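Visitor: A predicted structure for the sequence below; I have some questions about it.
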Amino acid sequence: MDLVLFVQNTMRPAVHNSAQFCTIAWVCLALPLLADQAPSFAKDVAPILATCAGCHAGNLTMGALNLETFAGIQKGGHTGPAIVPGKSAESLLYLRITGAVTPSMPLNGKKLADSEIETIRKWIDAGAPGQAPGETVAKAAPSIPDIKPHAAVKALISALAYRPDGKLLALGTFKEVRLVEPETGKLVATLPGEAEDVRAVAFSPDGRLLAAAGGLPARSGEVKIWDVEKRAALQTIAGHTDCIYAVEFAPDGKSIATASYDKLIKLWDVASGK
């Protein structure tokens with residue numbers, strides 16, 4: 001309104017060109033429309049809801065609510081629809097992230113930023129438009145910096161396991177597994193190439209294979225399956241959204257179970273990595 005009055009006052013004595021007047025008038029009328037442009041689900045909303053993935057994505061959907069996809073948000077959960085398009089004040093998703101309805105979300109007590117809450121409100125009030133054809137969901141940038149030491153640091157041992165015959169010990173450490181003879185302490189081999197700390201190791205029942213698990217905190221889990229005698233990586237399995245802290249072979253050695261900080265236990269086929 002202030003801008004419109006300013007244009008009127010400044011134009012009254014001087015502007016007579018109809019084209020110039022139409023151009024300025026169009027700009028004045030368009031400004032509110034540009035300011036209220038609906039946020040994009042793929043670019044603006046999905047990265048915010050990615051913080052809810054620990055409880056509302058993939059196989060883990062508390063309350064049967066999946067916030068990972070637009071279809072999951074539309075479907076809602078046990079308590080009903082997550083959103084009412086055009087009505088943020090009636091949308092359970094908005095009411096929970098603002099704390100207007102308990103339990104508030106996220107459950108960890110870390111409230112979303114005011115700007116993020118406002119983005120979701122605008123999106124819902126604009127009719128909650130979905131993902132456009134061919135549009136890809138933007139990924140939230142990792143908030144954890146990659147800090148490198150300025151001096152040499154001796155890596156800690158985070159995990160260990162004896163081979164079933166007791167003649168070999170696997171030590172999980174930073175970005176590698178060390179194979180050691182227990183009786184002499186002699187280093188037999190080093191298996192490199194892990195993403196970060198190796199937080200769990202396990203031999204297959206026959207001692208032929210070794211599973212080394214870890215990953216990147218808050219980003220991904222990883223397991224490498226090694227041929228112990230050949231010192232060769234046979235499989236690299238990635239499928240969790242956080243570090244893996246436990247791994248174990250099935251008694252027949254054909255599958256492994258992994259337990260991650262993302263609250264999931266997953267079963268994998270050793271031969272295929274599926």
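Guide: Everything's here; your move. Only a predicted model underlies this, so the values are computations on that prediction, with no experimental measurement involved. Numbers count the residues shown, from 1 in each chain.
Visitor: all helices for this protein, in order.
Guide: Along the chain, counting by DSSP state H, helices occupy 2-11, 18-35, 46-49, 70-75, 92-98, 114-125.
Visitor: Now do the fourth one: which elements does it pack against?
Guide: Contact partners of helix 70-75 among helices and strands, from 3 or more CB pairs under 8 Å, 6 or more residues apart in numbering; DSSP states H and E: none. C-beta here means a position set from N, CA and C on the backbone, and glycine is covered the same way.
Visitor: Give the rounded mean pLDDT of that helix.
Guide: Helix 70-75 shows a mean pLDDT of 79.
Visitor: Just checking: what are the partner strands of the longest strand along the chain?
Guide: Counting by DSSP state E, the longest strand found in the chain is strand 187-203. When pairing is defined by DSSP bridges, strand 187-203 lines up against strand 169-180 (antiparallel), strand 209-216 (antiparallel).
Visitor: can you pull the buried residues of that strand?
Guide: Going by neighbour count (16 or more other CB atoms under 10 Å), the buried part of strand 187-203 is 191, 194-203.
Visitor: CA-only coordinates of that strand in CSV, if you can.
Guide: Extracted in CSV, the C-alpha atoms of strand 187-203 (Å, rounded to 0.1, in the frame of the first residue of the first chain):
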residue,chain,number,x,y,z
LEU,A,187,50.0,-57.5,12.2
VAL,A,188,49.0,-59.9,9.4
ALA,A,189,47.1,-57.6,7.1
THR,A,190,45.3,-54.3,6.9
LEU,A,191,41.9,-54.0,5.1
PRO,A,192,41.5,-50.3,4.0
GLY,A,193,38.6,-48.4,2.4
GLU,A,194,36.0,-48.0,5.1
ALA,A,195,33.9,-44.8,5.2
GLU,A,196,34.9,-43.9,8.8
ASP,A,197,35.3,-45.7,12.1
VAL,A,198,34.7,-49.4,11.9
ARG,A,199,32.2,-49.9,14.8
ALA,A,200,31.5,-53.6,14.5
VAL,A,201,33.2,-56.7,13.0
ALA,A,202,32.1,-60.3,12.7
PHE,A,203,33.5,-63.5,11.1
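Visitor: centre of the chain versus that strand, how much separation?
Guide: Chain-centre distance of strand 187-203: 25 Å, with CA atoms, centre = their mean, to the nearest Å.
Visitor: before we move on, the earlier item: dump the strands paired with strand 187-203 into TSV; add mean neighbour count and distance to Y261 as well.
Guide: Listed next are the strands paired with strand 187-203 as TSV, based on neighbours: other CB atoms under 10 Å; distance: least, CB to CB, whole Å:
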stretch	mean neighbour count	distance to Y261
strand 169-180	19	16
strand 209-216	25	9
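Visitor: Phi and psi next, for the nearest residue to A38 once chain neighbours are set aside.
Guide: What sits nearest to A38 in space, not counting adjacent residues and going by CB to CB, 6 or more residues apart in numbering, is A126, at 3.3 Å. Dihedral angles of A126 (phi, psi; degrees, to the nearest 10) stand at phi -80, psi 10.
Visitor: so how many other residues sit close to A126?
Guide: 15 (other CB atoms under 10 Å).
Visitor: now do A233
Guide: Residues lying near A233 (other CB under 10 Å) number 16.
Visitor: For the chain, give me the ranges with low pLDDT.
Guide: Under the criterion pLDDT under 70, the flagged ranges of the chain are 1-36, 53-54, 57-61, 107-109, 131-144.
Visitor: Outline the domain layout of it.
Guide: Here the domain assignment for the chain is 2-35, 41-125, 159-269, based on automatic domain parsing.
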